[in-house]
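Asks: What follows is a predicted protein model with its sequence.
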Amino acid sequence: MQRIVYLERDALVADVRRPDFAHTWTEYAKTAPGEVVERLAGANIAIINKCPLPAAAVDLLPELKMVAVAATGTNIVDLDACRARGIVVSNIRGYAEQTVPEHVFALLLALSRNLIAWRASLQAGRWQQSEQFCLFDHPIRDLHGATLGLIGAGSLGSGVARLAEAFGMRVLRAERKGATVVRPGYTAFATVLREADAISLHCPLSDETRNLIAVDELQAMKSSALLINTGRGGLVDEAALIRALREGWIAGAGFDVLTTEPPPADHPMLAPELLALPNFLLTPHVAWASRPAMQTLADQLIDNIEAFVAGTPRNRVV
C-alpha cells in the first residue's frame, strides 16, 4: 500500500485520476514551506509543484521513495539530497509544446504591432478625430523577415522555432553563454544578442543561468529588440530590465514569470508606471496553463507515479 500526499492541488486545474494500484491519497489545496515535513510524514510518494523540498526536509522523511514534480522545473527540490537517499525524482515533459510557444507569439505580436499603444489611442479618441481613415501614431513591425534568438533549445524552444519559421523569421539558436566551442546548428551567444530582433528564453534556472540576461546583455542587444521570458524569472536581472525599459536600451519586453511568485504588492516589476508602459507586457505565469495542457500534465503526472511503482521509473531527473 503506497501512501501518496499531494501538497498543492489547487496549482492545477484538471482532472487528476487516481493511480491504478493500492494506495492512500491525501491532498491539500496549498502547503506553506513550514508545513511540508508534517504533511509528508509517512508518505512514500510526494506530489509537489512549487513548494520547496530542501535537504533538511528530505532528511526528516525516511519513508519517502519518490518525488513526483507536477511541473518541468525541479529547482525547488534538493536533488543531491534525494540522490543520496535513492529517492526517485520525476518531472513533466513535453506537455506545453503548443501552449507556451503560442503565448510567446501572443507577446511578440502584441509588442511588435504595438497593440497596447493602439488601444490607448482609441481610448483617447484619436481615431474619432482623424481626418483620414486610419492613424499612424505608433510604429508597426512585421515578424516576417525578422531574426529571433532562442536561448534554450529544448521542446519549448523548438516549438517556438517552428512557429517562427512559419512566420518567415530567421531563427538563431544560442550557444551556452561563455562556451568556447559553438556546436553545429548553434550561434555564439554574443552574436545572438547582437543580431536578434527578438530574444525568447527557454532554459532552466540554475546557478549557471541565474541573471543570464543582465546589464551587459541588455546593452548588447539592438535598441529595437524585444525580450520575451516565459522560462523562469531568475533568468533576467529584473532591476536591469527595468532600467532597460525606462532608458530605451531595448524596444520592449514580454514576461510571464518573476523571480518571486506570487509577487509581493510592492514588487518593482508591478510598479504602476512600469505596467502602464505600452512596450511592457506581464502575465501571471500562465503561458503553460491552457486547459488541454494542464490535463496532459495531470495525466503524465499519474503515468510517472504508476511507472515508478511498477519498477520502471520514467521522466527521471534523479
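Replies: Noted; the coordinates are in hand. Residues are numbered from 1 along each chain as shown.
Asks: contacts and neighbour counts: CA atoms only from here.
Replies: Noted.
Asks: domain assignment for this structure?
Replies: With domains defined by automatic domain parsing, the chain comprises 2-95+292-309, 99-282.
Asks: Turn these into CSV, including mean pLDDT.
Replies: As requested, the domains of the chain are exported to CSV (pLDDT from 0 to 100):
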stretch, mean pLDDT
domain 2-95+292-309, 97
domain 99-282, 96
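Asks: residue nearest the centroid of this structure?
Replies: G231 (2.8 Å; CA atoms, centre = their mean).
Asks: Three-state assignment for it, please.
Replies: Under DSSP: H, G, I helix; E, B strand; the rest coil, G231 falls in the coil class.
Asks: Need the domains of the chain in a markdown table (columns: distance to R316).
Replies: Listed next are those as a markdown table, based on distance: least, CA to CA, whole Å:
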| stretch | distance to R316 |
| --- | --- |
| domain 2-95+292-309 | 4 |
| domain 99-282 | 16 |
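Asks: Just the endpoints, please. Distance across stretch 207-225?
Replies: End-to-end distance for stretch 207-225, by CA to CA, to the nearest Å: 26 Å.
Asks: and that stretch, which residues are buried?
Replies: 209-215, 217-222, 225 (16 or more other CA atoms under 10 Å).
Asks: for those residues, which one is nearest P54?
Replies: R210 (18.9 Å; CA to CA).
Asks: Can you name the residues that contact that closest one?
Replies: Counting by CA atoms under 8 Å, 6 or more residues apart in numbering, R210 makes contact with 234-236.
Asks: what do you get for R126?
Replies: L135.
Asks: how much space between it and I302?
Replies: Taking CA to CA, one finds R126 at 54 Å from I302.
Asks: name the element I47 belongs to?
Replies: Secondary structure from DSSP states H and E places I47 in strand 45-48.
Asks: what comes into contact with that strand?
Replies: 2-8, 40, 64-70.
Asks: do stretch 162-181 as well
Replies: In contact with stretch 162-181 (CA under 8 Å, 6+ apart) are residues 101, 143-153, 161, 182-183, 185-190, 192, 196, 212.
Asks: In the stretch 151-300 of the chain, what residue spans correspond to helices?
Replies: Along the stretch 151-300 of the chain, counting by DSSP state H, counting those that start in this stretch, helices occupy 155-166, 189-195, 215-220, 238-247, 272-275, 291-309.
Asks: which parts of the shortest one are buried?
Replies: Read that as helix 272-275. Using 16+ other CA under 10 Å as the test for burial, helix 272-275 gives L274.
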